[in-house]
Structure formats: C-alpha cells, structure tokens
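[1] Please find the sequence and the predicted model below.
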Amino acid sequence: MIIIGLIAGGLTSVSFIPQAIKTIRTQNTSGISLTTYMLFTIGVALWVIYGYFTEDFAILLTNLITVMPSLTILIMKVRNSFK
C-alpha cells in the first residue's frame, strides 16, 4: 500500500512543478488566486505535520515535495500583489 501512496503523492506533487517553473520564468501571477494558493499551501504544510506525527512516510515525503513549488508560487504571488 505504501507504494500506491508514494505513486499517488508523487504524481500530485510533480504536477505543481510545471506551474512553478512557468511562474518563475514569466514572473506573471495575474491568473493565480492568492486565496487558493494560501489555503492550499497551509493545507499541505499541515499534511507534512500530520505525516510526521503519524510516522506516515508517504504522506510526509510527498507533501514535503508538494510544499516547495506551492510555496514558491505563493511567495511570488504575494510579492507581485504588492508591486
């Protein structure tokens, strides 16, 4: 079962990388919802904490991977919102 969790989480995690790359390259965050990315990033961070405390490797690892591009996009969105 851990393999299924790792594959599912891995695919979900990797799906955010193209958006992060595009956002970094174009510096354009106008089509990105600040509220959505705030809620999503907080939710993923909470999953990381949950995975740590429950010692669930699949949840911990995949959400650690997901939080990186999500946080990158969120930071860029916040920064661009105040320009």
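    Great, that's in hand.

[2] how about low-confidence regions in the chain?
    Counting by pLDDT under 70, the chain shows no low-confidence range.

[3] In the host helix or strand of M68, which residues are buried?
    Per DSSP states H and E: M68 is located in helix 57-81. For helix 57-81, the neighbour count (16 or more other C-beta atoms under 10 Å) marks 58-67, 69-74, 76-77 as buried. For every residue, glycine as well, the C-beta is placed using N, CA and C.

[4] Which neighbouring elements make contact with it?
    helix 2-14, helix 17-26, helix 34-54 (3 or more C-beta pairs under 8 Å, 6 or more residues apart in numbering; DSSP states H and E).

[5] Could you tell me how far S70 is located from S13?
    9 Å (C-beta to C-beta, to the nearest Å).

[6] likewise L64?
    8 Å.

[7] Check I3 too.
    With C-beta to C-beta as the criterion, I3 and S13 are 15 Å apart.

[8] These two: who's more crowded?
    Set I3 next to S13 and count neighbours by other C-beta atoms under 10 Å: S13 wins out with 21 against 8.

[9] is it true that the more buried one touches I59?
    No - the pair S13 / I59 is not scored as a contact, 11.3 Å apart, by C-beta atoms under 8 Å.

[10] got a list of what L6 touches?
    58, 61-62 (C-beta atoms under 8 Å, 6 or more residues apart in numbering).

[11] Of those, just say which sits nearest to M38.
    Taking C-beta to C-beta as the measure, M38 lies nearest T62 of the contacts of L6, at 20.3 Å.

[12] Which residue, other than its chain neighbours, is closest to the closest one?
    G9 (2.6 Å; C-beta to C-beta, 6 or more residues apart in numbering).

[13] What is the neighbour count of the one you found?
    G9, neighbours per other C-beta under 10 Å, totals 21.
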